[in-house]
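Asks: okay, sequence plus prediction incoming.
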Amino acid sequence: GSTVPERSGVALSFCRRPDTEKTYKSFYSGNAISVSLSLDFTLTLFAIDQDGNQSTLITYTGSTKETSSHAAASINGQTVLRQELTTGVTTWKGSHNIAKYKIHLYDTQDVQGGESGVDGTIIGKPLREEFYSGSNLTYTFNNLIPLKNYHVFVWGINAYGTVGERAYNSNYTYMHGDPAWDQEYPTVPSNLLSRYRYREGVLNVFWNASLDNREISHYEVIINNQLYKVLDPPVLGAFQLTVSLAKDINYQLYVYAVDTGGNRSGTAVYHGDTSNKDTLSYRPTKESIGFTYTHLGIATFTWEFIHTSEIINLIIGEPGTTTKQHVRVSGTAIRASVPNLVPRKQYIIELYGTNSYGVAGESTTKQFFMPTT
């Protein structure tokens with residue numbers, strides 16, 4: 001167009017079709033104009049001198065509508081970790097054209113095929129929906145149900161509000177109910193067993209100490225989401241907790257060890273009910289201890305079925321000492337394994353049953369030599 005001398009300013013006429021036009025005035029180039037998304041526009045530029053003379057018009061037609069180059073790229077590098085029994089965190093890598101992130105927490109039953117090594121297909125609604133726009137690219141879910149499994153998915157959302165593809169990372173979106181334990185943490189408590197005394201309305205819980213139990217501070221027991229801490233030392237190497245519990249209900253029982261550094265072991269799990277399972281008041285029968293075999297420091301003992309028994313007690317001691325270990329198993333069991341026996345040592349094994357009235361049967365004893373293999 002023609003040049004206008006003594007230019008005093010530049011006017012930009014911005015027309016949002018089919019809306020009316022709007023005029024902007026500027027004395028310099030590089031002006032920024034705030035406009036809405038998803039609209040067509042015509043931009044007209046001309047100069048005006050001090051006398052009001054107008055230059056030739058320059059026109060540009062464009063659009064702020066979304067194109068493929070504006071699409072939110074798919075999320076990658078997502079990880080999911082259960083930090084504690086009631087908290088879990090997900091992290092991911094950033095991607096292109098993302099203004100914020102959408103994060104969903106799902107029950108595993110709402111993600112079809114999500115536990116078979118793939119991320120699964122979403123078939124239900126999320127338990128929680130969160131939005132994140134920070135720079136750390138990490139989000140923590142609190143108040144999770146202890147030991148419950150979940151799925152966590154992340155999507156990117158672009159400036160137009162369009163949601164991109166969710167993260168797919170070979171099942172790294174699956175959140176285990178148990179935290180990811182370091183191998184130096186205490187090992188899982190062994191021989192977990194519980195029995196309900198219907199007449200008394202109490203649940204007796206038994207377990208053996210963790211094998212790697214150095215500097216263990218205490219054990220924590222969760223019964224139907226109620227937490228109990230066990231600080232007392234074990235009796236004959238075994239722990240016991242007695243709690244009141246309503247009759248004729250189902251219960252979920254979890255036990256784990258906590259060391260002095262706050263590290264938790266994996267969790268021993270037991271599910272049962274509080275229906276009346278009292279056995280007859282007869283004393284449990286006496287049976288002999290049969291075949292034994294050993295492997296990697298663990299000895300397994302077998303016996304014939306002990307009748308009218310609720311709990312079978314296996315007590316292992318060293319001759320001439322008070323050092324003993326007490327292992328309890330179900331009254332219907334016919335074998336039990338005892339870990340951490342010392343090679344080339346002699347032991348005395350005692351076996352007897354106890355019925356639900358607390359009546360113990362006559363015990364059987366046997367000497368046992370722990371071989372080197």
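Replies: On my side now, so go ahead.
Asks: from here on, just use CA atoms for contacts and neighbour counts.
Replies: Noted.
Asks: in the chain, which helix or strand is least confident?
Replies: Here the helix or strand of the chain ranked lowest by mean pLDDT, DSSP states H and E is strand 7-15, holding a mean of 54.
Asks: that one: what's the following helix or strand?
Replies: Using DSSP states H and E, the next helix or strand after strand 7-15 towards the C-terminus is strand 21-26.
Asks: for the record, mean pLDDT for that next one?
Replies: Computed over strand 21-26, the mean pLDDT rounds to 80.
Asks: now do it: which elements does it pack against?
Replies: Here strand 21-26 touches strand 7-15, going by 3 or more Cα pairs under 8 Å, 6 or more residues apart in numbering; DSSP states H and E.
Asks: give the buried residues for stretch 120-137.
Replies: In terms of neighbour count (16 or more other Cα atoms under 10 Å), stretch 120-137 has its buried residues at G120, I122, P126, Y132.
Asks: residue contacts, E287?
Replies: Counting by Cα atoms under 8 Å, 6 or more residues apart in numbering, E287 makes contact with W303, E304, F305, I306, Y352, T364.
Asks: one more time with 10 Å, if that's ok
Replies: Residues in contact with E287 (Cα atoms under 10 Å, 6 or more residues apart in numbering) are W303, E304, F305, I306, H307, L351, Y352, G353, G361, E362, S363, T364.
Asks: same thing with A72?
Replies: Residues in contact with A72 (Cα under 10 Å, 6+ apart) are 95-101, 155-165.
Asks: redo that, cut-off 7 Å
Replies: H96, N97, I98, G156, I157, N158, V163, G164 (Cα atoms under 7 Å, 6 or more residues apart in numbering).
Asks: still on that earlier bit, among the contacts of E287, which ones are buried?
Replies: Neighbour counting by 16+ other Cα under 10 Å classes W303, F305, I306, H307, L351, Y352, G353, G361, S363 among the contacts of E287 as buried.
Asks: and which of these is nearest to R335?
Replies: Closest to R335 out of those is W303 (6.4 Å), distances taken as Cα to Cα.
Asks: distance check, the closest one against F368.
Replies: For W303, the distance to F368 equals 14 Å [Cα to Cα, to the nearest Å].
Asks: can you pull out the strands in the stretch 101-250 of the chain?
Replies: 111-112, 121-122, 128-132, 138-141, 150-157, 174-175, 190-197, 202-208, 216-223, 226-230, 238-244, 250-259 (DSSP state E, counting those that start in this stretch).
Asks: now the ones you listed in a markdown table, with mean pLDDT and distance to V269?
Replies: Shown next, in a markdown table, are the strands of the stretch 101-250 of the chain (pLDDT from 0 to 100; distance: least, Cα to Cα, whole Å):
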| stretch | mean pLDDT | distance to V269 |
| --- | --- | --- |
| strand 111-112 | 88 | 24 |
| strand 121-122 | 89 | 28 |
| strand 128-132 | 94 | 27 |
| strand 138-141 | 92 | 23 |
| strand 150-157 | 91 | 18 |
| strand 174-175 | 86 | 18 |
| strand 190-197 | 92 | 8 |
| strand 202-208 | 94 | 11 |
| strand 216-223 | 92 | 10 |
| strand 226-230 | 93 | 14 |
| strand 238-244 | 94 | 15 |
| strand 250-259 | 92 | 5 |
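Asks: T86: which of those is closest?
Replies: Taking Cα to Cα, strand 138-141 is the member of the strands of the stretch 101-250 of the chain nearest to T86, at 8.4 Å.
Asks: quick one: buried residues of stretch 337-351?
Replies: Buried positions in stretch 337-351, judged by neighbour count with 16+ other Cα under 10 Å: S337, V338, L341, Q346, Y347, I349, E350, L351.
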